[in-house]
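In: Sequence unavailable; structure follows:
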């Protein structure tokens, strides 16, 4: 599945390991929050980078203390109409200061990508949308009405010449 | 009223282009219908029984004459010559072709209008008091904060895929005309020690499980309002139910979590916000927006207008209309006029293109260019000099817009029902018309006094039957339409959910049953000043229930 990160198509070096599957000895892997919580020590002791995949009901607070040791957080959108992932992303970026890759996976469609990006996602695993179309989506609006995780200056500040 | 600056203009234009692209991708098959659906919904486009329906936002119900003329033009050019004003102060067009919708949106953008977030599981158009800025009983004008909330909620990236739709209403008056206690969030503006703030109610709503909102905070200072709203929205977005569409509104979250626990969740989320997360609206911006809502410069007038009094003596129909359709203005010599969209035989809230043009003209000539859509589906001219009222009345009358029934029994809220809506179980419009027919005598209506009948064609309650003094709910029983009657509901500051009177009635039996109900009220009222709802609250259900079913 194509992966778009920072407005470029990139190779995906990560593999998600389902809860019932054994961990491969090497390579970059992501695991569920539940697995991360139960095998934290062992996972963080690996020589390769580790990531966590959040499901919509997961509480991102549970990751807060580990954020500087995670290279990737995936947020799964099993249905694109389930918007909990946007709040998870905002919390990770703005409340807890997560700076690693934040990737939207699952049912990720072109017309959700702008909101995802504003909420803090910098990577999108998308089945159908092509790079050019994703870039268009990101540039559909030249101004925004509210601050979010993307750091864009909202119009209520721009109107008064403020950063 | 608020005027777009370069940013607002640009954003709305970009939205039109975005939607044009989405429609093109839908028509080419790139987008599947289920993927297109939430996109079109967030732009007010519904697929109805006969055609696509376009719902256009009228933020907090305010329109300029220029905007009203544009709506008339759209009715004429893209629809069948009329539009339908809704209980959420919006307008709907029922016969617009999908391919034309991007063009309609482009035309709307020319007059600073749009259809953004008029549907879908997002924050909808903010509603308010239709007398805002004119009424004597307000602490302040709520519209500037409505506009601030409108902008904040527009394309909010975190809250576009909520569990369900989300409606915010704001009032600043003693008498609540915005029905804040049956909204997802209801804000009541007040002053405390010189500071402006908001009493916050959460979790009101109608639909299949009606709830009166819980008071979550007594006072949120204006500087913290948007941050507080973000906290509520985030709690709802994270914890609102998504497993069952009928349990997904915030009212269910509040009731299942418990008021106290819900308040705690909001307070915790609010307290956890870091400085960098705060919205920090600059004072200059608050001031900038307030400046658009300065009251109109009204020439000094005497409290009494000779011309007005003379016309009342000379023209009995005018006198009757003034008794029903005028509301006290805060400035002497001025009044607020309701243009009724409930004449006999017309679907509630409908206006033709020609009528819209007339309303635009009179608003310009006599009303300082200000028009409002009311929650009860009428149009309001908030600032009219008493000296001009008679001339205004004659122009309205010539256009069929001078029905003297504001707040009276024939001024009903009626949803489109089975005639238009694909959710409905029963027809609403014909039942409403039959009731109007039964109470068509204007003297009789005046004698009955304030009386709110609300009619919904299904349990989704778009006709607000739960909060009608008399509520009528259409249900389908084995292919036959029945109408359940509820009594004692109200949407104002004493908001109450009506109680079911008994078994459903057939459509033909509804008007006669209401006749008996009204007769019973007249027998029981202590004086003509005691309204039906007051008599009901004093006497209780029994005598009225007996009256309704006396014929059975």
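Out: That came in fine, so what should we check first? Only a predicted model underlies this, so the values are computations on that prediction, with no experimental measurement involved.
In: first to last residue in stretch A:114-134, what's the distance?
Out: Terminal residues of stretch A:114-134 lie 8 Å apart, using C-alpha to C-alpha, to the nearest Å.
In: Ok, stretch A:95-109 next?
Out: Using C-alpha to C-alpha, the two ends of stretch A:95-109 sit 26 Å apart.
In: Could you pull out the buried residues of it?
Out: Across stretch A:95-109, burial judged by 16 or more other C-beta atoms under 10 Å in any protein chain shown covers A:95-96, A:98, A:100-109. Placement of C-beta: from N, CA and C, glycine included.
In: Any regions of chain A where pLDDT drops low?
Out: Across chain A, nothing is flagged by pLDDT under 70.
In: how does it look with 80?
Out: Within chain A, the segments meeting pLDDT under 80 span A:1, A:128-129.
In: can you list the residues of it near chain B?
Out: A:56, A:80-84, A:86-87, A:90, A:94-95, A:109, A:111-112, A:114-116, A:118-119, A:128, A:136, A:140-148, A:155-160, A:162 (C-beta under 8 Å from any C-beta of the partner chain).
In: just checking, which of those belong to helices?
Out: A:84, A:86-87, A:90, A:114-116, A:118-119, A:136, A:155-158 (DSSP state H).
In: By neighbour count, which of the residues you listed wins?
Out: residue A:86 (31 neighbours; other C-beta atoms under 10 Å in any protein chain shown).
In: if I read this right, it contacts residue A:113, doesn't it?
Out: No: applying C-beta atoms under 8 Å, one finds residue A:86 not in contact with residue A:113, separated by 11.8 Å.
In: ok, back up a step: from the buried residues of stretch A:95-109, which land in strands?
Out: A:101, A:102, A:103, A:104, A:105, A:106 (DSSP state E).
In: which ones are touching the residue of chain A found nearest chain B?
Out: Here the residue of chain A nearest chain B is residue A:83; by C-beta to the nearest C-beta that distance is 2.8 Å. Contacts for residue A:83 were tallied using C-beta atoms under 8 Å, 6 or more residues apart in numbering or on different chains; they are B:121, B:158, B:159, B:160, B:161, B:162, B:237.
In: try 7 Å
Out: Residues in contact with residue A:83 (C-beta atoms under 7 Å, 6 or more residues apart in numbering or on different chains) are B:160, B:161, B:162, B:237.
In: any idea how far the closest residue to the second one other than its chain neighbours lies from residue B:150?
Out: It stands for residue B:161. Spatial nearest neighbour of residue B:161, chain neighbours left out: residue A:83 (2.8 Å); criterion: C-beta to C-beta, 6 or more residues apart in numbering or on different chains. According to C-beta to C-beta, to the nearest Å, residue A:83 and residue B:150 sit 20 Å apart.
In: How about chain B: which residue is closest to chain A?
Out: residue B:161 (2.8 Å).
In: And that residue, its phi and psi?
Out: phi -130, psi 60 (degrees, to the nearest 10).
In: which of the contacts of residue A:83 lies closest to residue B:545?
Out: Nearest to residue B:545 among those, counting by C-beta to C-beta, is residue B:162 at 39.4 Å.
In: Quick check, pLDDT for the closest one.
Out: pLDDT recorded at residue B:162 is 98.
In: Now for it: which residues touch it?
Out: A:83, B:121, B:122, B:236, B:237, B:240.
In: so which of the residues you listed comes closest to residue B:366?
Out: For those, the closest approach to residue B:366 (C-beta to C-beta) belongs to residue B:122, at 37.6 Å.
In: count of neighbours near that closest one?
Out: 23.
In: OK, contacts around it?
Out: B:42, B:159, B:160, B:162, B:166.
In: Out of those residues, grab the one that's most surrounded.
Out: residue B:162 (26 neighbours).
In: Could you measure from it over to residue B:124?
Out: Residue B:162 is 10 Å from residue B:124, by C-beta to C-beta.
In: Then residue B:40?
Out: From residue B:40 over to residue B:124 the distance is 15 Å, taken as C-beta to C-beta.
In: which residues of chain A fall in strands?
Out: A:3-5, A:8-10, A:14-16, A:28-32, A:50-54, A:72-77, A:101-106, A:123-125.
In: the inter-axis angle of the fourth one versus strand A:50-54?
Out: The one in question is strand A:28-32. On the basis of axes from the mean of the first three to the mean of the last three C-alpha atoms, to 10 degrees, strand A:28-32 is oriented at 30 degrees to strand A:50-54.
In: Distance from strand A:28-32 to the middle of the chain?
Out: Counting by C-alpha atoms, centre = their mean, to the nearest Å, strand A:28-32 is centred 13 Å from the centre of its parent chain.
In: Any chance you could list what contacts it?
Out: A:13-17, A:19, A:23, A:43, A:48-53, A:72, A:74.
In: strands paired with it, and their directions?
Out: strand A:14-16 (parallel), strand A:50-54 (parallel) (DSSP bridges).
In: list the contacts for the nearest residue to residue B:292 once chain neighbours are set aside?
Out: Distances taken as C-beta to C-beta, 6+ apart put residue B:2 closest to residue B:292, at 4.6 Å, once the chain neighbours are dropped. If a contact means C-beta under 7 Å, 6+ apart, then residue B:2 has B:147, B:289, B:292 as its contacts.
In: do that again at 10 Å, thanks
Out: B:8, B:59-60, B:62, B:112, B:143-144, B:146-148, B:150-151, B:289, B:291-293 (C-beta atoms under 10 Å, 6 or more residues apart in numbering or on different chains).
In: Next step: those restricted to strands.
Out: Going by DSSP E, the strands hold residue B:62 from the contacts of residue B:2.
In: Could you identify the buried members of the contacts of residue B:2?
Out: B:8, B:59-60, B:62, B:112, B:143-144, B:146-148, B:150-151, B:289, B:293.
In: near chain A too, which of those residues?
Out: B:8, B:148, B:150, B:151, B:289 (C-beta under 10 Å from any C-beta of the partner chain).
In: Return the set of buried residues in stretch B:120-140.
Out: In stretch B:120-140, counting by 16+ other C-beta under 10 Å, buried: B:120-135, B:138, B:140.
In: got it, and stretch B:345-363?
Out: Applying 16+ other C-beta under 10 Å to stretch B:345-363 flags B:346-353, B:355-363 as buried.
In: Quick one: mean pLDDT for that stretch?
Out: 96.
In: now for that stretch, what's the gap between its first and last residues?
Out: End residues of stretch B:345-363 are separated by 25 Å (C-alpha to C-alpha).
In: low pLDDT regions in the stretch 151-300 of chain B?
Out: In the stretch 151-300 of chain B (pLDDT under 80), no residue qualifies.
In: For it, which segments count as strands?
Out: B:168-171, B:185-192, B:195-202, B:214-221 (DSSP state E, counting those that start in this stretch).
In: Make CSV from the ones you listed and add distance to residue B:98 and mean neighbour count to it.
Out: Output for the strands of the stretch 151-300 of chain B, formatted as CSV (distance: least, C-beta to C-beta, whole Å; neighbours: other C-beta atoms under 10 Å in any protein chain shown):
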stretch, distance to residue B:98, mean neighbour count
strand B:168-171, 29, 26
strand B:185-192, 32, 21
strand B:195-202, 36, 21
strand B:214-221, 40, 17
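In: CSV for those strands, including distance to chain A?
Out: Output for the strands of the stretch 151-300 of chain B, formatted as CSV (distance: least, C-beta to the nearest C-beta, whole Å):
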stretch, distance to chain A
strand B:168-171, 15
strand B:185-192, 16
strand B:195-202, 17
strand B:214-221, 18
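In: Which of those strands sits closest to residue B:451?
Out: It's strand B:168-171; of the strands of the stretch 151-300 of chain B, that one is closest to residue B:451 (C-beta to C-beta) at 22.1 Å.
In: that older thread, what about the contacts of residue B:162, which are in helices?
Out: Using DSSP H, those in helices are B:236, B:237.
In: Which pair in the contacts of residue B:162 has the greatest spatial separation?
Out: The span of those, defined through C-beta to C-beta, is set by B:122 and B:240 at 13.0 Å.
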